[in-house]
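> Would you be able to build a 3D model of this:
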Amino acid sequence: MMLLNSLYSSGAPIEEIKEMLPSIIEVFSRSWSREAGYLGMVQIASICVMLEASVETVGELERLVKANDYGDCLLDFLFHGIDPSWGGKNDTFIAQAPYGFLSAVIGADSKGEALHSLKVYLEEKWYSGHNDESWFGSHKNKNSFYSGYWSYESGAVAKILKLDDAGMEGFKYYPYDMVHYLG
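Here you go, the predicted structure:
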């Protein structure tokens, strides 16, 4: 994931990143654990949504989530966005902060309301909601590896909901060009 994040942050072609997905999923699946892997699962599932990965490509991720009884509203929404046969229908978020705020986006009554809530999430909730992550503040530390900050789940939610995000290019943390990838 660090390599993928670095490539994306440096402006690598989206197609190059998509070609890496099967390898990234394979390595991720071998090292993933239920206790420590929620953020990574959200990130990789979100990237799969935006890069229009096939059901076969994400099959191992789905298997891990099901085998570990990983009931989560956001993961269900993401996997259903890839695989309409995905059966999960949880209404709780494993990580309420910051992801619980996405319920305002997912459950909005209109696309305009959803887009507004997504902007609020990105501006006010996303970065500060990750203050317990090892990467938080890495851009300020000359001794740490900074590979960029991306709210991949924001892009995936926007893509699934088909939000008109025309004004969000360059929006902080928002992976605009990945959202607009057409495979």
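> State the distance from the most centrally placed residue in the chain to residue 9.
Closest to where the C-alpha atoms of the chain average out (C-alpha atoms, centre = their mean) is residue 153, at 2.8 Å. For residue 153, the distance to residue 9 equals 17 Å [C-beta to C-beta, to the nearest Å]. C-beta here means a position set from N, CA and C on the backbone, and glycine is covered the same way.
> same question, residue 30
Distance from residue 30 to residue 9, by C-beta to C-beta: 25 Å.
> The two - which one has more neighbours?
A count of neighbours by other C-beta atoms under 10 Å puts residue 9 above the other of residue 30 and residue 9, at 14 against 8.
> is it true that that one touches residue 150?
Yes. If you go by C-beta atoms under 8 Å, residue 9 and residue 150 touch, sitting 7.4 Å apart.
> Could you tell me which residues within stretch 44-59 count as buried?
44, 45, 46, 47, 48, 49, 50, 51, 53, 57, 58 (16 or more other C-beta atoms under 10 Å).
> tell me the SS of the last one?
Residue 58 falls in the helix class when you classify it by DSSP: H, G, I helix; E, B strand; the rest coil.
> and residue 82, what does it touch?
Residue 82 makes contacts with 45, 48, 49, 53, 55, 58, as judged by C-beta atoms under 8 Å, 6 or more residues apart in numbering.
> Could you do residue 65 as well?
41, 75, 79, 88.
> which one of those is nearest residue 182?
Checking those against residue 182 by C-beta to C-beta gives residue 79 as the nearest, at 20.8 Å.
> which SSE is the closest one in?
Assessed by DSSP states H and E, residue 79 sits inside helix 73-82.
> Give me the neighbour count for residue 41.
Quick note: residue 41 (other C-beta under 10 Å) scores 23 neighbours.
> Please name the nearest non-neighbouring residue to it.
residue 75 (6.4 Å; C-beta to C-beta, 6 or more residues apart in numbering).
> Residue 72 too?
What sits nearest to residue 72 in space, not counting adjacent residues and going by C-beta to C-beta, 6+ apart, is residue 94, at 4.5 Å.
> Just the pLDDT for that neighbour.
For residue 94, the pLDDT comes out at 87.
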